[in-house]
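Enquirer: A predicted structure for the sequence below; I have some questions about it.
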Amino acid sequence: MRITNSGNYEFCRWSDQRSNINIRDHTPLEFFQTHMAPVRSAMLQGELVSACKDCRHMEQHHKVSGRQRQLLKTGIVLDNFEKSMRSSTYWSAFEKSNGAAGTTDLSPVDWQIDLGNYCNSACIYCAPESSSRLSQEFKKLKISQAEPAPNWATDPELVDQFVAGLATTSQLAYLHFLGGETMITPAFKVILEKLIAAKVNHKVSIGFTTNLTVWDDTIVDLLTQFDQVHLGMSIECFHAVNDYVRWPSAIKSVETTLLQWIALGQQHNWYLSLRTTPTALTIPYLITVYDFAHQHNVGIESCNFLHKPKFLRMSVLPMQYRHDIADQIQVWVDQQNIFSTAQLTNLRDPNQLHLQITQDAMSYVDYLHTAPDESHRLPDLVAYLKLLESSRSNSILDCEPEYEHILRSAGY
């Protein structure tokens, strides 16, 4: 389950189907047990749910999708689907739901909790509903005048109700917090404190993602009171273009904070991963992230291939650029001398860390070689960059002069 910044529920953190059912009007159990029934019923009848297309897109390019990772938690694997589904500990629940028009008496045990759009960054691929700084910039530039919906987690009563529900979920397993930037979102600290007070910190794993621009000793102290923590650290590459894309971050400062988090995480045996969102601008330097992950024994995760904005997709690059970048990534993979014919689905297995990294790299090789050509979107990319640069007083050509030809030809 997911609760968005506005308080709307979604049946999956990777779904692109938006619901208008909100925590202000319905409890999480009402949504999960009843309102999700049509989706659950469609899946039980073997139908392809349109909201799941991002996961199918990932699988098309041999990237481990969100649905594969969630299936793993129920003991189901795609290459042995029928037998593994029948042997799943959830089989009786599937049967019961199938006979009850998709309703269920279970509770959600795995959550993505979006806490609001408080953010000190304005990443070029982000949106106002996830970044207060970008929201203000979009208004200034007249890109969008619409105010994002109010953040549900600013309401103390809603937070209390939500945490109380979590505390009474008997098999609660995992909570992942997102923003905005979690480290500056007031509700993050409040919810951590409430979970500790309810003694949930010893039975549930928590995860959160940070943009590596903030360090807060008070929150760090709260995090160390949880038995299991999954820390996602957002970075696009170890190159100046990271600062352009994740404006106004500074890569040297980001790397210092990153190493600080790694030291803390390894001290407490946390699961650590670098979170990337490769775009047409950063894909040439993605290898630097794989190198860092390999050297520091941390994983790499990306939620999906970037879908929006369309003009920032890697497929916007002309084919020859894409093939050259794919070949460079392939060379890096070959140098690691790590091979496996079977796909690794459990991306958080510490014993398979280096295989997970190379497997992730190969998904981009496949994407770059095979995704449809969208270079017709280059003028849209140029127009967007020029508009942002008019506000930020920077230039993409200062950090990526090798793109000058294709950008100039598209109107830069």
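Expert: Here it is on my side, so go on. Note that this is a predicted model, so its numbers are computed, not measured.

Enquirer: is the residue positioned nearest the centre of the chain in a helix, a strand, or coil?
Expert: In the chain, the residue lying closest to the centroid (Cα atoms, centre = their mean) is Cys303, at 3.8 Å. When classified by DSSP: H, G, I helix; E, B strand; the rest coil, Cys303 comes out as coil.

Enquirer: with Glu193 instead?
Expert: Under three-state DSSP, the three-state class of Glu193 is helix.

Enquirer: isn't it right up against Leu222?
Expert: Yes: counting by Cβ atoms under 8 Å, Leu222 is a contact partner of Glu193 at 6.5 Å. Where C-beta positions appear, they are placed from N, C-alpha and C, glycine not excepted.

Enquirer: which one of those two has more residues nearby?
Expert: For Glu193 and Leu222, the more surrounded residue by other Cβ atoms under 10 Å is Leu222, and the numbers stand at 19 against 15.

Enquirer: now the more buried one, nearest residue through space, not along the chain?
Expert: Spatial nearest neighbour of Leu222, chain neighbours left out: Leu192 (4.3 Å); criterion: Cβ to Cβ, 6 or more residues apart in numbering.

Enquirer: which ones are touching the one you found?
Expert: 206, 219, 222-223 (Cβ atoms under 8 Å, 6 or more residues apart in numbering).

Enquirer: mind checking how far it is from Met183?
Expert: 11 Å (Cβ to Cβ, to the nearest Å).

Enquirer: what do you get for Phe238?
Expert: When Phe238 is compared with Met183 (using Cβ to Cβ), they lie 21 Å apart.

Enquirer: so between the two, which is more surrounded?
Expert: Neighbour totals were compared for Phe238 and Met183, and Met183 leads with 21 against 18 (other Cβ under 10 Å).

Enquirer: give me the element the nearest residue to Asn394 once chain neighbours are set aside is part of.
Expert: Sequence neighbours aside, Tyr244 is the residue nearest to Asn394 in space, at 6.3 Å (criterion: Cβ to Cβ, 6+ apart). With elements taken from DSSP states H and E, the one containing Tyr244 is helix 241-245.

Enquirer: report all helices and strands that that helix contacts.
Expert: helix 251-267, helix 396-399 (3 or more Cβ pairs under 8 Å, 6 or more residues apart in numbering; DSSP states H and E).

Enquirer: how about a cut-off of 7 Å?
Expert: Judged by 3 or more Cβ pairs under 7 Å, 6 or more residues apart in numbering; DSSP states H and E, helix 241-245 is in contact with helix 396-399.

Enquirer: distance check, the residue lying farthest from the centre of the chain against Gln70.
Expert: Centroid-distance maximum for the chain: Gly99 at 34.2 Å, with Cα atoms, centre = their mean. Per Cβ to Cβ, Gly99 is found 23 Å from Gln70.

Enquirer: the nearest residue in space to Gly116 that is not next to it in sequence: neighbouring residues, count only.
Expert: With sequence-adjacent residues excluded and distances taken as Cβ to Cβ, 6+ apart, Gly116 is closest to Asn151, at 3.4 Å. Taking other Cβ under 10 Å as the criterion, the count of residues near Asn151 is 24.

Enquirer: so Asn151 sits right up against Asn5, yeah?
Expert: Yes: at 5.3 Å, Asn151 counts as touching Asn5 under the criterion of Cβ atoms under 7 Å.

Enquirer: any shared contact partners between the two?
Expert: The contact sets of Asn151 and Asn5 overlap at 116-117 (Cβ atoms under 7 Å, 6 or more residues apart in numbering).

Enquirer: circling back to that earlier point, so what touches the helix holding Tyr244?
Expert: With Cβ under 7 Å, 6+ apart as the criterion, helix 241-245 contacts 123-124, 235-236, 249-251, 279, 281-282, 285, 394, 396, 399-400.

Enquirer: list only those of those residues flagged as buried.
Expert: Buried subset of the contacts of helix 241-245 (neighbour count, 16 or more other Cβ atoms under 10 Å): 123-124, 235-236, 249, 251, 279, 281-282, 285, 394, 396, 399-400.

Enquirer: is Asp380 in contact with Phe311, as I believe?
Expert: Yes: at 3.9 Å, Asp380 counts as touching Phe311 under the criterion of Cβ under 7 Å.

Enquirer: export only the CA atoms of the strand or helix carrying Leu378, formatted as CSV.
Expert: Using DSSP H and E, Leu378 falls within helix 378-392. Output of helix 378-392 as CSV, limited to C-alpha atoms (Å, rounded to 0.1, in the frame of the first residue of the first chain):
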residue,chain,number,x,y,z
LEU,A,378,14.8,16.9,-27.9
PRO,A,379,13.3,20.4,-28.6
ASP,A,380,11.0,19.9,-25.6
LEU,A,381,14.0,19.0,-23.5
VAL,A,382,15.9,22.1,-24.7
ALA,A,383,13.0,24.4,-24.1
TYR,A,384,12.6,23.1,-20.5
LEU,A,385,16.3,23.4,-19.7
LYS,A,386,16.5,26.9,-21.0
LEU,A,387,13.5,28.0,-18.9
LEU,A,388,15.0,26.5,-15.7
GLU,A,389,18.4,28.0,-16.5
SER,A,390,16.9,31.4,-16.8
SER,A,391,16.0,31.1,-13.1
ARG,A,392,19.1,29.2,-11.9
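
Enquirer: with adjacent residues omitted, what lies nearest to Ala250?
Expert: Excluding the flanking residues, the one nearest Ala250 by Cβ to Cβ, 6+ apart is Asp243, at 5.9 Å.
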